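*Asks:* Provide a 3D model corresponding to the input given below.
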Amino acid sequence: MSLRRFAEVAGIDFGYVGQIERGERRCSPEWAEICDQTVGAEGELMAAHRAENATGTGAEVRRRTVVMGLALGASSPAVAVEALRHGLDSAIGADLDEWQTITEDYARDFYTTPPARLVEQLGLDLTMLQHMLSADPANRDLLRAAGQLAVIMAMALASTGQTTMARRWWRTARHKADQSGDVDTRLWARDWETVNGTYERRPIHEIIALADEAVALADGRPCRGTAGVLAGRA
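*Replies:* This next block holds a predicted model:
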């Protein structure tokens with residue numbers, strides 16, 4: 001359901017709906033009730049509105065999470081469910097630990113999950129992560145998670161034969177890892193890109209250049225990223 005269609009069904013001016021969605025107007029209890037009834041949320045949106053007013057801090061993130069879940073729910077119910085779950089987690093401050101757990105889950109399940117399924121699941125989680133970063137773009141924990149998940153997305157895409165898309169995701173992975181400032185994540189991203197370069201049929205000189213960049217970044221730092229880069233270079 002588009003915002004325009006939502007406005008028609010709810011009997012509300014489309015411009016007003018857009019202002020609410022962009023955060024230019026506050027959401028009133030009456031508005032929350034109209035949204036709830038229009039999409040048949042059975043009280044979930046009204047409860048979210050009450051929680052927003054009660055807590056204050058983090059309310060904007062939760063509000064946009066609910067809105068995004070509504071916008072995507074018609075085409076992908078799983079996204080709406082995941083949006084609700086992340087919204088609930090953010091209400092209790094569990095998000096940062098949750099993202100670390102999500103990353104570890106993907107790392108553990110990578111070789112036992114079909115690549116196409118991985119791409120679908122990663123797309124859902126990265127949509128949520130992008131949304132949270134839009135509200136807190138300098139959050140290094142979220143940036144680190146984004147870099148790590150982007151690495152796994154690149155690997156999954158390469159496994160499905162989508163090497164062009166994979167190369168784009170490798171660039172994103174390096175960029176987000178660098179933004180996080182976490183040296184281990186920066187090396188880890190380059191480690192896997194180096195190792196996977198030959199499988200993706202990338203030019204050898206390009207792979208070696210990436211490995212040399214990572215070795216310089218490591219500066220003798222003993223960690224799994226350094227070991228991986230040296231193995232990939234060899």
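*Asks:* and the helices in the protein?
*Replies:* 3-10, 14-21, 29-39, 44-55, 59-73, 77-91, 95-109, 115-135, 140-159, 163-180, 183-197, 204-218, 224-233 (DSSP state H).
*Asks:* show me the shaky parts of this structure.
*Replies:* 23, 52-97 (pLDDT under 70).
*Asks:* quick check, central residue of it?
*Replies:* Here the mean C-alpha position of the chain is nearest to the C-alpha of L126 (CA atoms, centre = their mean), at a distance of 2.2 Å.
*Asks:* OK, contacts around R5?
*Replies:* Contact criterion CB atoms under 8 Å, 6 or more residues apart in numbering gives no residues in contact with R5. Every C-beta, even on glycine, is put in place using the N, C-alpha and C of the backbone.
*Asks:* test my guess that the residue nearest to the centre of the chain contacts L149.
*Replies:* Yes: applying CB atoms under 8 Å, one finds L126 in contact with L149, separated by 5.8 Å.
*Asks:* dihedrals phi and psi, S28?
*Replies:* When quoted as degrees, to the nearest 10, the phi and psi of S28 stand at phi -90, psi 160.
*Asks:* distance check, it against G15.
*Replies:* Going from S28 to G15 by CB to CB, to the nearest Å gives 16 Å.
*Asks:* who has more neighbours, these two?
*Replies:* Here S28 and G15 are set side by side on neighbour count (other CB atoms under 10 Å), and the busier one is S28, at 11 against 8.
*Asks:* burial check on A32, number of neighbours?
*Replies:* One way to gauge burial is a neighbour count; for A32, by other CB under 10 Å, it gives 22.
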